[in-house]
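In: could you work out the structure for the sequence below:
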Amino acid sequence: MKSGSLAEALVRSAAPWISIKGGVSLDKALSEIPRDAAYRGACQNLLYCVSRRRAFAEAAVAKLVSRAPDAKTAALLELSISLLKEGKEQEFTVCNQAVIAAKSDPQTMRAANFVNAILRRYLREKRRLTDELERSPVVRYNAPMWWIRRYEAVFGKSSREIFSLQRRHPPLTLRVNKRKAVLEDVLADYRAKEIVCVPEGMYGLRLEEPRPVRDIPGFADGLVSVQDAGSQLAAPILGAKDGMRVLDACAAPGGKTAHILELADVDLTALEIDPLRAVRITENLDRLGLKANVRVADASDIQSWWDGKPFDRILLDAPCTASGIVRRHPDIPWSRKPEDIAQLARTQAKLLENLWPLLVKGGRILYAVCSVFSEEGPAQIESFCSKHPDAKLIPIGPDKEILLSLPPAEGVQDKPEFFPKTRDGFFYALIEKI
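Out: Numbering: from 1, shown residues only. Reported below is the predicted structural model:
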């Protein structure tokens, strides 16, 4: 098996894919692949591809085989069928490399002819098979039925467009570091290097063709960072000013933390409960030439980390279902359970309640979730404000007190500039203590 081949990527991706199907997150599975491995990029592409087509790949294999194969063989088939479904690789290449992959692994060696036969049968029957399988909403939208119903409840007929959007590759959006560069200058430099890109918001550039960060000019020098356009709204909305004391309560991986520091000279404390993710915050800040007090702590356990001095601004990017960022994390619908929504809503409410006393009078807290579910967004904030007479919602969009950066429910899209297809789904609420 040739190093750097598709066959190698298929073999290396089989075990992570089995883990993902078993409940491990896509991010966690990818973290197990060495960062410096030559095959990492190919495996990442494969795992994202099969995650976006999980329901179809699983249903196709189940339909094409008379008896369920072992887990490793099933993984090879599902990975290969997802590639064939995507259509970016030559059909012969995928089949040939899948057979080589099967022969190279002692666990699947005897199944090589079986793999070849199933993939070739798929190619012969793919049109009929696709029509048949995609009659199922689960296959068509690549999500469990309960998740589909929740989306339909939020977005109505627009949910079809959003599900379709989530099956495409997301755009690569960069944030220009205001302390080191000017957006217009970076834009001109990229275009001079024949990198096709367009401005996105106040500080962003959207690249037409995604590329590894090592190939992004200025990334290593801290001129730019990778951050979705919807996520880039947080720091400007928070509105921290020079000299303020700021808390980023759930800060990893540090994109919003860094953006706050790029926009103002503040005394910033960044909290993260996961030690490994806290390291990523420091790494990101170091690359950008920024400093913050990064601490490993549970933000809701105030006594364990707070020094008693109140904050002028608090960013609470709360744990959530991540139902608004499925395009970037296609495993999410499969890793969530219906009861997770209520459980996470309770966690969000606890964080809001515990952090509110830490805010000075006249200070502001920005509540943010990358979710489209009401329990985590509008209903959460309505409940909080009803319990706190000293809480005042501050408008952050034209005639709006909240901002949802995703195509909204039918009949709500009165300000389409806030709902472009280039952004993920975020809910923001800015609350002032009066």
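
In: show me where the stretch 251-400 of the chain has its helices.
Out: 255-263, 275-288, 332-335, 338-355, 378-387 (DSSP state H, counting those that start in this stretch).

In: out of these, which comes closest to residue 326?
Out: Taking CB to CB, helix 332-335 is the member of the helices of the stretch 251-400 of the chain nearest to residue 326, at 5.1 Å. The C-beta positions use only the backbone N, C-alpha and C, and glycine is treated the same way.

In: where does residue 133 land on pLDDT?
Out: At residue 133, the model reports a pLDDT of 97.

In: and it, what is it in contact with?
Out: 56, 59-60, 63, 139 (CB atoms under 8 Å, 6 or more residues apart in numbering).

In: how close does the most centrally placed residue in the chain get to residue 335?
Out: The residue lying closest to the centre of the chain (CA atoms, centre = their mean) is residue 328, at 4.0 Å. Per CB to CB, to the nearest Å, residue 328 is found 14 Å from residue 335.

In: about what we covered before: who wins for neighbours among the contacts of residue 133?
Out: residue 60 (26 neighbours; other CB atoms under 10 Å).

In: before we move on, back to that, pick the most deeply packed of the helices of the stretch 251-400 of the chain.
Out: helix 255-263 (a mean of 24; mean count of other CB atoms under 10 Å).

In: how about the strands in the protein?
Out: 172-176, 197-200, 204-207, 224-226, 245-248, 267-272, 293-296, 311-317, 359-369, 391-394, 402-404, 427-433 (DSSP state E).

In: can you tell me which of those has the worst average pLDDT?
Out: Mean pLDDT, when computed for each of those, is lowest for strand 402-404, at a mean of 44.

In: that older thread, and the helices of the stretch 251-400 of the chain: which comes nearest residue 206?
Out: Among the helices of the stretch 251-400 of the chain, if distance is taken as CB to CB, the winner is helix 255-263, at 15.7 Å.

In: okay, that closest one in CSV with CA atoms only?
Out: Output in CSV follows, covering the C-alpha atoms of helix 255-263 (Å, rounded to 0.1, in the frame of the first residue of the first chain):
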residue,chain,number,x,y,z
GLY,A,255,-11.3,32.6,18.9
LYS,A,256,-13.7,35.0,20.6
THR,A,257,-11.2,35.6,23.4
ALA,A,258,-8.6,36.7,20.9
HIS,A,259,-11.0,38.9,19.0
ILE,A,260,-12.0,40.8,22.2
LEU,A,261,-8.3,41.4,22.8
GLU,A,262,-7.7,42.5,19.2
LEU,A,263,-10.4,45.2,19.6
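
In: let me know the angle separating that helix from strand 311-317.
Out: 150 degrees (axes from the mean of the first three to the mean of the last three CA atoms, to 10 degrees).

In: just checking, what packs against helix 255-263?
Out: Packing partners of helix 255-263 (3 or more CB pairs under 8 Å, 6 or more residues apart in numbering; DSSP states H and E): strand 224-226, helix 234-238, strand 245-248, strand 267-272, helix 275-288, strand 311-317.

In: these: which one's closest to residue 98?
Out: Of all those, strand 224-226 comes closest under CB to CB, at 31.8 Å.

In: pull out the buried residues from the closest one.
Out: Buried residues in strand 224-226, counted by 16 or more other CB atoms under 10 Å: 224-225.

In: try stretch 128-141
Out: Neighbour counts using 16+ other CB under 10 Å place 129, 133, 137-141 of stretch 128-141 among the buried residues.

In: distance to residue 46 added to the residues you listed, as TSV?
Out: TSV is the format used below for these (distance: CB to CB, whole Å):
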residue	distance to residue 46
129	21
133	21
137	26
138	22
139	20
140	22
141	22
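
In: can you tell which of the strands of the chain is closest to residue 80?
Out: Here strand 172-176 is closest among those (CB to CB), at 26.4 Å.

In: run the chain-centre distance for that closest one.
Out: 14 Å (CA atoms, centre = their mean, to the nearest Å).

In: so which of the helices and strands packed on helix 255-263 comes closest to residue 190?
Out: strand 224-226 (9.5 Å).

In: can you give me the helices in the stretch 1-150 of the chain?
Out: Under DSSP H, counting those that start in this stretch, the stretch 1-150 of the chain gives helices at 6-21, 26-31, 40-52, 54-64, 71-86, 91-104, 112-133, 137-141, 145-155.

In: of all those helices, which one is nearest residue 214?
Out: So among these, helix 40-52 is nearest, using CB to CB, at 9.8 Å.

In: what is the closest one packed up against?
Out: So helix 40-52, by 3+ CB pairs under 8 Å, 6+ apart, packs with helix 6-21, helix 26-31, helix 71-86.

In: lowest average pLDDT across these?
Out: When I compare these, helix 26-31 is least confident, with a mean of 93.
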